[in-house]
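Peer 1: Generate a structure from the sequence data that follows.
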Amino acid sequence: MAASIRANCRKVICIGRNYADHITELNSAKPKQPFFFLKPASSILIPGEGPVLRPQGTKLHYEVELGLVMGKTLRDLDPNDSKGALDAIRSYLLTIDMTARNVQDEAKKKGLPWSIAKGFDTFLPISQEIAKSRIPNPHDAFLRLSVSSQLRQADSTSLMLYQIPRQLAEISRVMTLEQGDIVLTGTPKGVGEVKAGDVMKASIEVGGKVLEEGNIDVEVKDREGRYVYSET
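Peer 2: Model (predicted):
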């Protein structure tokens, strides 16, 4: 169950800039090697627990991604050990990595950490768990995301600049990957803003067939509370 995914997750590790066209749309530089950042497990939003909450004053962006749920401990993995990497994955998820883009942009310009931009509660909607047998090759799946019935993202995981074995190798040489950890593998082009009232729907296809357990359907609402974005 998705609730157990969140309960057993100690950290969420996210690969950045892993699709060339996404790098272009953000006017970013292609990384010379995979790089990653963290989201807190408290940002996970399981199916039926929505909505996604937009903090006051933020420009909220979506990023659909294939997620990996780790089933084994990995330390200092050999980047050429494809079998070891894939064997360490327990299952898959479809995810939407939400970003407070203006918060992130300001932090980048000032050389500040941008954990806040990625870490709000509800900033990681996930699907139900997808069995490994349903995605025989994680580099041959098709991701889609629509906002209020308008298709925004639609690309294959075959377009990843750095494939999953390299991603897990780079992460595990820095920090131990533990059972239950979630790895987000990057987003394709088409990211953009959502506002209160929008409904995001995401899906994953393998061999032209939609995996029903991989669907995400979640509304966006404005968040109440004390946080209001202001310049740091």
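
Peer 1: so how far is the least confident helix or strand in the chain by mean pLDDT off the chain centroid?
Peer 2: Least confident helix or strand of the chain, by mean pLDDT, DSSP states H and E, is helix 20-25 with a mean of 85. Distance of helix 20-25 from the chain centroid (C-alpha atoms, centre = their mean, to the nearest Å) equals 16 Å.

Peer 1: quick one: contacts of that helix?
Peer 2: Arg17, Ala29, Lys30, Asp155, Leu159, Leu161, Gly186, Thr187, Pro188, Lys189, Gly190, Val191 (C-beta atoms under 8 Å, 6 or more residues apart in numbering). For every residue, glycine as well, the C-beta is placed using N, CA and C.

Peer 1: I'd like to check which residues are in contact with the nearest residue to Tyr229 once chain neighbours are set aside.
Peer 2: Distances taken as C-beta to C-beta, 6 or more residues apart in numbering place Gly57 nearest to Tyr229, at 3.3 Å, with adjacent residues excluded. When contacts are counted by C-beta under 8 Å, 6+ apart, Gly57 is found next to Asn102, Val228, Tyr229, Ser230.

Peer 1: how about Gly57, phi and psi?
Peer 2: Main-chain dihedrals, Gly57, degrees, to the nearest 10: phi 80, psi 0.

Peer 1: Over to Ala7?
Peer 2: Torsion angles, degrees, to the nearest 10, at Ala7: phi -60, psi -30.

Peer 1: One more: Pro55?
Peer 2: phi -60, psi 150.

Peer 1: From what I see, it and Asp121 are in contact.
Peer 2: No: counting by C-beta atoms under 8 Å, Pro55 stays clear of Asp121, with 9.3 Å between them.

Peer 1: Double-check Gly197 against Val220; I have them as touching.
Peer 2: Yes: counting by C-beta under 8 Å, Gly197 does reach Val220; the two are 6.9 Å apart.

Peer 1: Comparing the two, which shows the higher neighbour count?
Peer 2: It is Val220, of Gly197 and Val220, that has more neighbours when counted by other C-beta atoms under 10 Å, with 24 against 11.

Peer 1: I'd assumed the more buried one was in a strand, is it?
Peer 2: Yes: counting by DSSP: H, G, I helix; E, B strand; the rest coil, one finds Val220 located in a strand.

Peer 1: residues in contact with Glu219?
Peer 2: Counted by C-beta under 8 Å, 6+ apart, Glu219 has contacts Gly50, Pro51, Val52, Gly197, Asp198, Val199, Met200.

Peer 1: how about those residues, which pair is most distant?
Peer 2: Gly50 and Gly197 (13.0 Å; C-beta to C-beta).

Peer 1: Buried ones in stretch 44-53, by neighbour count?
Peer 2: Ile44, Leu45, Ile46, Pro47, Gly50, Pro51, Val52, Leu53 (16 or more other C-beta atoms under 10 Å).

Peer 1: Touching it from outside, list them.
Peer 2: 2-3, 5-6, 9, 12, 60, 96, 98, 120-128, 182, 194, 200, 216, 218-223.

Peer 1: Tell me which of these fall in strands.
Peer 2: 12, 60, 96, 124-125, 182, 194, 200, 216, 218-222 (DSSP state E).

Peer 1: from the residues you listed, which two are the most distant?
Peer 2: Taking C-beta to C-beta, no two of these sit farther apart than Ile182 and Asp222, at 26.8 Å.

Peer 1: These two - which one has more neighbours?
Peer 2: Legend: neighbour count by other C-beta under 10 Å for Ile182 and Asp222, higher for Ile182 (25 against 14).
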